[in-house]
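Asks: show me how the following folds:
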Amino acid sequence: MSIKNKIAESDSIFLLPIKVVFYQLFNKYYHVNNIIRKSYIDEDDYVVVELTNGIILSSPPSKFNADINFTERYKYGNKSKMDKIFDVNKYFFLYEVLSELFLHNKYFTFNDIIKEDVVIDAGANIGGFTVQAAKKLGNTGKIYAIEPDEENLVTLRKNLMLNNINNCEIIELGLWSEPKTMEFFISHRPGEHTLINYENDPHFVQKGTKKIECNTLDFLIKEYNIKKVDYLKMDIEGAEIEALKGASGFLKNYNPFLLIEALHEVDGQATYHKVINYLSEFEYRLVSTIDQTRGTIYAKKMKS
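Replies: Numbers count the residues shown, from 1 in each chain. Next comes the predicted model:
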């Protein structure tokens, strides 16, 4: 456990002064607040934020309480520096999306998206990446957003509408190595639902299961008649290696830039180890060192 999590989760009266000072000085919500131009709660009880870059994102209230490190960050932070952040216990997930996907992720650092590109967003969730990519594509490009969870899909569609995006096709499926109906494990965080059973992982708080339909990326390429792909972003909570096994034809015949979040542990090790080895069979090489915070793989195919 990190020092900041130990501080957040401690209820010791002796650590309270340290906690207060820590969150007054080191508080990522200050940075999140700085990228929000305005925010409000709409008629559906969604929090809606308009960012300084013009993008609008919304998220519904959480069904489950936020982790203590989220609520303590707000409780002991300087409220004047978080004036555009509302009830963290209800809306923590959107603030995490803003921090991870708009402040700290290097989505477009090693390979930018340009007009006329074709992009696949595997694990679109509520559309944090989808919206950014679709804006870059303009009217001449296309993005396919793959997301299996019904509640995330409602928010994804809302966020596409809020940003007037019409170059996105939503695919309501999970990705796997073969077509099948699978158990989908529901987390207390909307971004962590997964096809992998993490029942023995203390960091995964399971709130239920549901059945979802899964298919392969190779199937989807054929089904949607996708002639080229310039960029594949994949963040599917530990199922990456199985999804890539179902994409052997795609990896062989297409040459997209790959951004794959692969930090979750499967078979006792972070998934990026297996993913990197598998991708090397298709002449992919890393273009940057692994991001140890998220296990992010940035890779391109090395052409002869």
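
Asks: residue 93 sits in which helix or strand?
Replies: helix 88-97 (DSSP states H and E).

Asks: what's the mean pLDDT across that helix?
Replies: Mean pLDDT, helix 88-97: 96.

Asks: elements contacting that helix?
Replies: helix 28-34, strand 47-51, strand 56-59, helix 68-75 (3 or more CB pairs under 8 Å, 6 or more residues apart in numbering; DSSP states H and E). No exception for glycine: its C-beta is placed from N, CA and C like everyone else's.

Asks: repeat the analysis, applying 6 Å as the threshold.
Replies: Under the contact criterion of 3 or more CB pairs under 6 Å, 6 or more residues apart in numbering; DSSP states H and E, helix 88-97 touches helix 68-75.

Asks: following the chain onward from the helix holding residue 93, which element is next?
Replies: strand 118-122.

Asks: ok, residues contacting that next one?
Replies: Applying CB atoms under 6 Å, 6 or more residues apart in numbering, the external contacts of strand 118-122 come out as 129-130, 133, 142-146, 175, 228-234, 236.

Asks: convert the C-alpha atoms of the helix or strand following it to PDB, please.
Replies: Using DSSP H and E, the helix or strand that follows strand 118-122 towards the C-terminus is helix 128-137. Extracted in PDB, the C-alpha atoms of helix 128-137 (Å, rounded to 0.1, in the frame of the first residue of the first chain):
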ATOM      1  CA  GLY A 128     -13.300   9.600 -22.000                       C
ATOM      2  CA  PHE A 129     -11.000   8.500 -24.800                       C
ATOM      3  CA  THR A 130     -13.700   8.100 -27.400                       C
ATOM      4  CA  VAL A 131     -14.700  11.700 -27.300                       C
ATOM      5  CA  GLN A 132     -11.100  13.000 -27.400                       C
ATOM      6  CA  ALA A 133     -10.300  10.800 -30.400                       C
ATOM      7  CA  ALA A 134     -13.600  11.600 -32.200                       C
ATOM      8  CA  LYS A 135     -12.900  15.300 -31.900                       C
ATOM      9  CA  LYS A 136      -9.500  14.800 -33.600                       C
ATOM     10  CA  LEU A 137     -11.000  12.800 -36.400                       C
END
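
Asks: the following helix or strand past helix 128-137 packs against which elements?
Replies: Using DSSP H and E, the helix or strand that follows helix 128-137 in sequence is strand 142-146. Judged by 3+ CB pairs under 6 Å, 6+ apart, strand 142-146 is in contact with strand 118-122, helix 128-137, strand 168-171.

Asks: what's the angle between strand 142-146 and helix 128-137?
Replies: For strand 142-146 against helix 128-137, the angle by axes from the mean of the first three to the mean of the last three CA atoms, to 10 degrees is 170 degrees.

Asks: tell me how far whichever helix or strand comes after strand 142-146 lies from the chain's centre.
Replies: On the C-terminal side of strand 142-146, the closest following helix or strand by DSSP H and E is helix 150-162. How far helix 150-162 lies from its chain's middle: 14 Å, per CA atoms, centre = their mean, to the nearest Å.

Asks: other residues contacting helix 150-162?
Replies: 56-58, 124-127, 131, 147, 168, 190.

Asks: now, which of those sits nearest residue 25?
Replies: Nearest to residue 25 among the contacts of helix 150-162: residue 57, at 27.5 Å, using CB to CB.

Asks: report how many residues lie close to that closest one.
Replies: Neighbour count for residue 57, taken as other CB atoms under 10 Å: 27.

Asks: tell me, what's the model's pLDDT at it?
Replies: 98.

Asks: likewise residue 153?
Replies: According to the model, residue 153 scores 98 on pLDDT.

Asks: residue 75 too?
Replies: pLDDT, read off for residue 75, is 93.

Asks: excluding its backbone neighbours, what's nearest it?
Replies: residue 23 (7.7 Å; CB to CB, 6 or more residues apart in numbering).
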